[in-house]
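[1] Here is my input, please return the structure:
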Amino acid sequence: MNTREIPRMAAPLLLGAAIALSFRLEKPAPPVELSGGEPPEPSAAETQAALARAVLPGSPGYDRGLTVPPVTVIEFADFACPYCARFALQSYPALAEEFVKPGLVRWKYVPFVLGIFSNSQEATRAAECAGEQGQAAFGRMHDYLYAEQEVWKAAPDPAAVFRATARSTGLDAGRFASCLASAAPDRRIGASNALADQLGVRATPTFFVAGRRVEGALPPDEFRAVLLQALSAARGAPLGPAAGARPKVP
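    Residues are numbered from 1 along each chain as shown. Predicted structure coming up:
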């Protein structure tokens, strides 16, 4: 199936079948994409300007790693996207150990709503309300949302699930509930969605690695190669063994 043919709010059964099939194949997961009818693709100059804004203080998203490392990755993901969950649970932890924790890569995670998944808006609101209580609180909600994706996607009252999760993960439950009842998370989601439009993001997950667009939940080794190439370009020379690089980048 060509996921480009799936409209923003239609064909959930066909999309589900395509997703189920992809999980049975030992191949990199393709991104889930929107079809036509979206804003026009930005020009190269518009994209560069949006990328420059995306890394400024106060821009949408949550940072991991140093503020000014050799390479910055900006990830746009939807909490209800199965491929985003696959990347978050299977690929990112290994990449974080090798690149983010040592200070080689700044990783900015931008949660936005693609618009085709059940309870996605509600989940992103929950993540933003957790984020009001700090980076660690956001991280705990982020991990829950991906690990238990199928549970809350099927929940008739996802907000109740998220309130219970806030209590069980050590968040201030009263503050979290007040945030959910307010318009604050919607404003932040709106800013993230606007940034995604300015960058022409039409699929999840989408990454910008030192400005280079990468779509799809690449396996760790493939994404590692992308990061090594970006680090090599940033430094103007191939990475040496001391940096943990392979002699040749695939």
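
[2] Quickly list what the residue nearest the centre of the chain is bridged to.
    Nearest to the geometric centre of the chain sits residue 77, at 2.8 Å (Cα atoms, centre = their mean). Residue 77 forms beta bridges with residue 111, as assigned by DSSP bridges.

[3] From residue 185, how far out is residue 42?
    Using Cβ to Cβ, to the nearest Å, residue 42 is found at 26 Å from residue 185. C-beta coordinates here come from the backbone N, C-alpha and C atoms, glycine included.

[4] Same drill for those two, tell me which one is more crowded.
    residue 185 (21 against 16; other Cβ atoms under 10 Å).

[5] Backbone dihedrals for the residue nearest to residue 196 when sequence neighbours are not counted, both of them.
    Spatial nearest neighbour of residue 196, chain neighbours left out: residue 112 (4.8 Å); criterion: Cβ to Cβ, 6 or more residues apart in numbering. Per-residue torsions, residue 112: phi -140, psi 170 (degrees, to the nearest 10).

[6] State the number of residues packed around residue 112.
    26.

[7] again, but for the one 10 residues further on
    Taking other Cβ under 10 Å as the neighbour definition, residue 122 ends up with a count of 22.

[8] and the closest residue to residue 60 other than its chain neighbours, what is it in contact with?
    Spatial nearest neighbour of residue 60, chain neighbours left out: residue 192 (4.1 Å); criterion: Cβ to Cβ, 6+ apart. Contact analysis of residue 192 by Cβ atoms under 8 Å, 6 or more residues apart in numbering lists 60, 61, 76, 110, 111, 112.

[9] What segments of the protein are strands?
    Residue ranges of the strands in the chain, as given by DSSP state E, are 32-33, 62-64, 71-77, 105-111, 203-204, 206-209, 212-215.

[10] The fifth one packs against which elements?
    Judged by 3 or more Cβ pairs under 8 Å, 6 or more residues apart in numbering; DSSP states H and E, strand 203-204 is in contact with strand 32-33.

[11] Skipping its backbone neighbours, what lies nearest residue 144 in space?
    residue 165 (5.4 Å).

[12] quick revisit: would you confirm that the residue nearest to residue 196 contacts residue 188?
    No: judged on Cβ atoms under 8 Å, residue 112 makes no contact with residue 188 at a distance of 10.0 Å.

[13] overlap in contacts of these two?
    residue 60.

[14] give me the low-pLDDT residue ranges for this structure?
    For the chain, applying pLDDT under 70 flags the ranges 1-39, 237-250.

[15] list the contacts for the residue nearest to residue 169 when sequence neighbours are not counted?
    Spatially, and ignoring its direct neighbours in sequence, residue 169 is nearest to residue 140 (4.4 Å; Cβ to Cβ, 6+ apart). Residue 140 makes contact with 130, 169, 170, 171, according to Cβ under 8 Å, 6+ apart.
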